[in-house]
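how does the following fold in three dimensions:
(one chain, ligands or ions: 1)
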Amino acid sequence: MALQIYNVLHREKQPFEPLHEGKVNMYVCGPTVYDHAHVGHAKTYVSFDVVVRYLRWRGYDVLYVQNLTDVGHLLDTGEDRVLKKARQAQALPMQIVETYARSYFEDMDALGVVRPDISPRASCHIPDQIKMIQTLIEKGHAYVTEQGNVYFDVYSWPEYGKLSNRRLDDQEAGARVDVRDDKRHAEDFALWKAAEPEHILRWDSPWGEGYPGWHIECSAMATKYLGPTFDIHGGGVDNIFPHNECEIAQSEAANGVPFARYWMLVGSLTVPDEFGIPVKMSKSLGNFYTIKDALKLHRPEVLRTFILTSHYRNPIVFSEEALDSARKGWERIYGAVRLVRSKLNNAPSGEAGNAFLDVLTQARQRFVEAMDDDFNAPGGLAMLYDLTREVNTLLNSGQPVSKTVLEAIDATYRELGGAVLGIVPEETAVAGTGNAEREEGLIQMLVDLRAQARAERDFGTADRIRARLAELGIALEDRPDGTVWRVD
Ligand SMILES: [Zn+2]
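Down below sits the predicted model:
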């Protein structure tokens, strides 16, 4: 079966057929860089990271564009977030933007998120946005007001509302236009705003000095780098309206052709409130954890595993229990990977354990089936857990396992768990040279020595090793399929 994607635009799973064979042009709405990213951002961008990694692993040539919003994102209060922060910090708006853009990439790098091919900034694409606004005015879909604002006339575009399934009549039926507002209809949205005297972020335009509305940047930059029609547009589900809806209307009205062909939206990350009811994590609610804080407590692979336990379209509840269970699951997988890699050097040649190659082929098939079904990463993870059980059984059976088989197991983990899901590190204890790897190598060596001591019925030595490791905060757990360790 071919790859299926749940297309929000048509509300159904559809076979994925890229516009140009073998090539995928993809755009994802990026963050507004005015503060440190929180774990809600991690859910969105890790989810799309796995989409991009999987498409590439499947052989597609992916061009991945993800913008940085550094201008024009207004708060509900009408305040610009970047300017507000700049005032608080007594810094230039572009200093704020630079600081948090760097912070964002630091966080994404730490999480193993592959960088987009292009990360265009709104502020660097003002002429492209002005050009698109001019086209919209010429085509009768936008109008300029006396104050120098430009609005999109939503009633000029009958398809407005097709993504979020809102008809204009249902929306703010009868909503009155604010007296201070110079729009024709309450639902019209800003393409360009005239800058008030205190607004520092301002540019020249045919309509006077001002700055672009938020939505137009994504239309202009997606069109510039991916063409007027491209394959996949992604984002967080909260931005379906108005942001994504406005993007489609502007782009299709200006370019005269369909915009993105597949729309993929990621469910929110929620946190239990004081009554245990999940609410969205957001800065405005003050219930957010930054990615930097989360990474102080958890390995990046554990955070990724946690995110991937829920399908990207679904919401996920962020809690210590959920993270703990993700950590345990991840440690099972990583423990098996370490064991396989530690055995590689001394493995016999020959065909011992060759029957396991079939298990690997089946595992791979199951993985592809899951991921082909709208990037079902939880299904992919479940396959890795099952595989891990079988790998442990094989390695603890006492039967010899050839180097070829061990290499095939390692390669399976590297590809599916590493290249696609990003939860299996390239280097582990045995092969690594960094400090963390060296530490892991030393711990694993002690675990191996203890296993050897136990096998030789030297329980005194085995217990001493366990006790000394416990003093260092490293707990050992003997399971039927081997000993695992963890830092307590
Ligand atoms: Zn966008």
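
going forward, measure contacts between C-alpha atoms and count neighbours the same way
OK.

in whatever helix or strand Ile216 lives in, which residues are buried?
In this assignment (DSSP states H and E), Ile216 forms part of helix 215-226. Residues His215, Ile216, Glu217, Cys218, Ser219, Ala220, Met221, Ala222, Thr223, Tyr225, Leu226 are the ones in helix 215-226 that count as buried (16 or more other Cα atoms under 10 Å).

pLDDT-wise, which helix or strand of the protein ranks last?
Every helix and strand in the chain was compared by mean pLDDT, DSSP states H and E; the lowest is helix 168-171, with a mean of 64.

could you identify the helix or strand that succeeds that helix?
Next helix or strand after helix 168-171 toward the C-terminus (DSSP H and E): strand 189-194.

adjacent strands (with direction) for that following strand?
For strand 189-194, the paired strands and their directions (DSSP bridges) are strand 150-152 (antiparallel), strand 210-212 (antiparallel).

how about CSV for the ones you listed, with mean neighbour count and mean pLDDT added?
Output for the strands paired with strand 189-194, formatted as CSV (neighbours: other Cα atoms under 10 Å; pLDDT from 0 to 100):
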stretch, mean neighbour count, mean pLDDT
strand 150-152, 27, 96
strand 210-212, 25, 93
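
do you know which of the ones you listed lies nearest the ion?
Ranking those by proximity to the ion (Cα to the ion) places strand 210-212 first, at 13.2 Å.

read off the pLDDT value for the residue in the stretch 201-350 of the chain positioned nearest to the ion.
Closest residue of the stretch 201-350 of the chain to the ion, Cα to the ion: Cys218 (4.6 Å). Model confidence at Cys218, given as pLDDT, is 97.

next: Val447.
pLDDT at Val447 comes out at 89.

hang on, isn't it packed against Gly482?
No. Using Cα atoms under 8 Å, Val447 is not in contact with Gly482, being 10.1 Å away.

neighbour-wise, which of those two wins?
Val447 (20 against 15; other Cα atoms under 10 Å).

any idea how far the more buried one lies from Pro400?
20 Å (Cα to Cα, to the nearest Å).

same check on Gln90?
67 Å.

looking at the two, which is more packed in?
Taking Gln90 and Pro400 together and counting by other Cα under 10 Å, Pro400 has the greater number of neighbours (16 against 12).

which residues sit in contact with that one?
Pro348, Ala352, Gly353 (Cα atoms under 8 Å, 6 or more residues apart in numbering).

and if we set it to 7 Å?
For Pro400, the contacting residues are Ala352, Gly353, by Cα atoms under 7 Å, 6 or more residues apart in numbering.

I'd like the numbering to begin with 59 instead of 1 from here.
Renumbered: residue one is now 59, and that last one reads Pro458.

partner strands of the helix or strand containing Ala533 and their direction?
With elements taken from DSSP H and E, the one containing Ala533 is strand 532-537. Strands that pair with strand 532-537, judged by DSSP bridges, come out as strand 540-545 (antiparallel).

what comes up buried for the partner strand?
Under the neighbour-count criterion of 16+ other Cα under 10 Å, strand 540-545 has Thr541, Val542, Trp543 buried.

and the residue nearest to Phe364 when sequence neighbours are not counted, how many neighbours does it have?
Of all residues not flanking Phe364 in the chain, Ala384 sits nearest, at 5.0 Å (Cα to Cα, 6 or more residues apart in numbering). Other residues near Ala384 come to 21 when the count uses other Cα under 10 Å.

quick one: buried residues of the helix or strand Val123 falls within?
Using DSSP H and E, Val123 sits within strand 119-124. For strand 119-124, the neighbour count (16+ other Cα under 10 Å) marks Val120, Leu121, Tyr122, Val123, Gln124 as buried.

what's it packed up against?
strand 81-86 (3 or more Cα pairs under 7 Å, 6 or more residues apart in numbering; DSSP states H and E).

quick check: angle from the helix or strand following the strand it packs on to strand 81-86?
Next along the chain after strand 81-86, taking DSSP H and E as the criterion, comes helix 97-115. Interaxial angle, helix 97-115 versus strand 81-86 (axes from the mean of the first three to the mean of the last three Cα atoms, to 10 degrees): 180 degrees.

mind listing residues that contact helix 97-115?
Under the contact criterion Cα under 7 Å, 6+ apart, helix 97-115 has outside partners 120, 171-172, 294, 324, 326-327, 339, 347-349, 362, 365, 370, 433, 477-479.

and it, how far out from the chain's middle?
4 Å (Cα atoms, centre = their mean, to the nearest Å).

what mean pLDDT does that helix get?
97.

got the angle between it and strand 119-124?
160 degrees.

please spell out which residues along helix 97-115 are buried.
Neighbour counts using 16+ other Cα under 10 Å place 97-114 of helix 97-115 among the buried residues.

report the buried residues of the helix or strand encompassing Met441.
Assigned by DSSP H and E, Met441 falls within helix 435-453. The neighbour-count check on helix 435-453 (16+ other Cα under 10 Å) flags 435-443, 445-446, 448-450, 452-453 as buried.
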